[in-house]
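Asks: Any chance you could fold what I've pasted below:
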Amino acid sequence: MAFKYFLVVCLSYYLVVSNVNCERGDCATVTTGFGPMKYMKVGTGSTILVLLDGTLGDIVADNFERIYNDFDHSKYTIYQVDLPGYGGSRTLVAPKKYSNRDFPPEFFERDADAVIQTMIELNVEKYSVLGWGYGGTVAMFVASRAPDNVVKCVSWAAKPFSSKTLVAKEKQRLKVPVKDWLPEVLGKQTLSHSIENIEEAFKGLTEAWESLLNSDNASPKQCLSKLSTPTLILYGKNDPYADSNLIQEIRNYAKNTAVILFVTKKHALHKLDKFAPAVKDFLDSNDYKMGGDVVEIDCTDQDEREEEEKQKKREEQKKLEEQQAGSSK
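Replies: Model (predicted):
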C-alpha cells in the first residue's frame, strides 16, 4: 500500500513539474545511459538548434523566453534540453524528492555526452548548439566531442576555466545560506529545485571548480584545442558573473571562433535587443568571418532605459507603501 502511494505521489509530482511551461512546445523525456533527459521541442523549421541553460536552469524556469520570441519558429526548430541533475533530467528518490546534482571528475564531458546521446535518441543528426553560462561551456564541449553532428556553436557568458578568484568567490557564496540569497541571485531556481538541491549543487560545483584548478584546467584546454566547429563567443563587457577577459584565454586554444563583446552589465545576454540579430546572422551565414578582431556592440542605451524603469517602479512601490501606512493609522 505504501509503495503504491509512493508511486502515485511521484507520478503526480512528475506530471505537475514536467508540464509547466510546456505550452511553448512539446515536452518529453528520453532514457539515456546518463539517466532521464527532459527536452522541449519548439518550432518546425529546418535549422535545428539545441539550447542549454546555465547552472540549475531548466525548462520550467523559462529563462529563454526572449529567444523563443525572437527566433522564427517556421525557420528554426529549438530543442531545449535540461542538463543532467537539473529540472526534469533527474530521478525521483522519494515522494516529491529528486536526486541531487553531482559533479564527477569529468563533469563537463558527462554533460556534453548526455546531450549528444539525447539528440541521437531523438534521431536528430545535424544541429547547432547554443548555451548560456554553464550551458555555454557544455555547448563547446558538445561541439568538440561531436564535430560530425554539430554545425555551429554559440556560447555566451561562459566560464570554461577555473581560477583562484572564481574558487574564492564560490566559497564565499557558500557561507550565505541559500534561503538568505537575494531574489535576483536565486532567480527561478526554486521552481524546480529544493533548497537542498540548490545547496548541494553549488557545493558540488565549487568542489569541481577547485579540482579543475588543481588540474591546471586540463579538461577545458583539451576540449577547446579540439574545437573545430565554427563557434561564436559572446560576453558582456561589465558582466558581474562572467569575466570578459576569458575571451583571450579561450582563443588561445579554440582557433575557429568569432567574438562579440556587448557593452553591457547584463549576464543574461539573450535578453539584449541586439543579441538575437547577432546570433541569427552567425547561424544563417555561409561566409561569416572567423578569427577576426573582437566586435564590440554598444548596449548601454538598453541598460540605462531598463534602470530608469526599475527606478520608476521602486518609487511607485515606495509611494504605495507610504499610502498604505498612512491609511492604516
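Asks: mind listing the strands for the stretch 151-300 of the chain?
Replies: Counting by DSSP state E, counting those that start in this stretch, the segments of the stretch 151-300 of the chain that form strands are 231-236, 257-263, 295-298.
Asks: Now tabulate the ones you listed in JSON lines and tack on mean pLDDT, mean neighbour count and distance to residue 104.
Replies: For every residue, glycine as well, the C-beta is placed using N, CA and C. Converted to JSON lines, the strands of the stretch 151-300 of the chain look like this (pLDDT from 0 to 100; neighbours: other Cβ atoms under 10 Å; distance: least, Cβ to Cβ, whole Å):
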{"stretch": "strand 231-236", "mean pLDDT": "98", "mean neighbour count": "25", "distance to residue 104": "25"}
{"stretch": "strand 257-263", "mean pLDDT": "97", "mean neighbour count": "21", "distance to residue 104": "28"}
{"stretch": "strand 295-298", "mean pLDDT": "97", "mean neighbour count": "13", "distance to residue 104": "37"}
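Asks: Rebuild those as TSV, extending it with distance to residue 61.
Replies: Below are the strands of the stretch 151-300 of the chain laid out as TSV (distance: least, Cβ to Cβ, whole Å):
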stretch	distance to residue 61
strand 231-236	20
strand 257-263	22
strand 295-298	26
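Asks: Distance across stretch 179-186, terminal residue to terminal residue?
Replies: The straight-line separation of the ends of stretch 179-186 (Cα to Cα, to the nearest Å) is 9 Å.
Asks: From the chain's centroid, how far away is it?
Replies: When distances are taken as Cα atoms, centre = their mean, to the nearest Å, stretch 179-186 is centred 18 Å away from the chain's centroid.
Asks: hmm, who's touching that stretch?
Replies: 178, 195, 198 (Cβ atoms under 8 Å, 6 or more residues apart in numbering).
Asks: Need the nearest residue in space to residue 85, chain neighbours excluded.
Replies: Leaving aside its sequence neighbours, residue 85 sits nearest to residue 101 (Cβ to Cβ, 6 or more residues apart in numbering; 3.1 Å).
Asks: which SSE is the one you found in?
Replies: Here residue 101, judged by DSSP states H and E, is contained in no helix and no strand.
Asks: how about it, what does it touch?
Replies: 56, 84, 85, 86, 90, 197, 200, 201, 204.
Asks: Tell me how far it lies from residue 28.
Replies: 21 Å (Cβ to Cβ, to the nearest Å).
Asks: do the same with residue 149
Replies: Distance from residue 149 to residue 28, by Cβ to Cβ: 20 Å.
Asks: Give me the more crowded residue out of the two.
Replies: Per other Cβ atoms under 10 Å, whichever of residue 149 and residue 28 has more neighbours is residue 149, with 19 against 13.
Asks: Tell me who's in contact with that one.
Replies: By Cβ under 8 Å, 6+ apart, residue 149 lies in contact with 116, 119, 125, 126, 127.
Asks: try residue 120
Replies: Going by Cβ under 8 Å, 6+ apart, the list of residues near residue 120 is empty.
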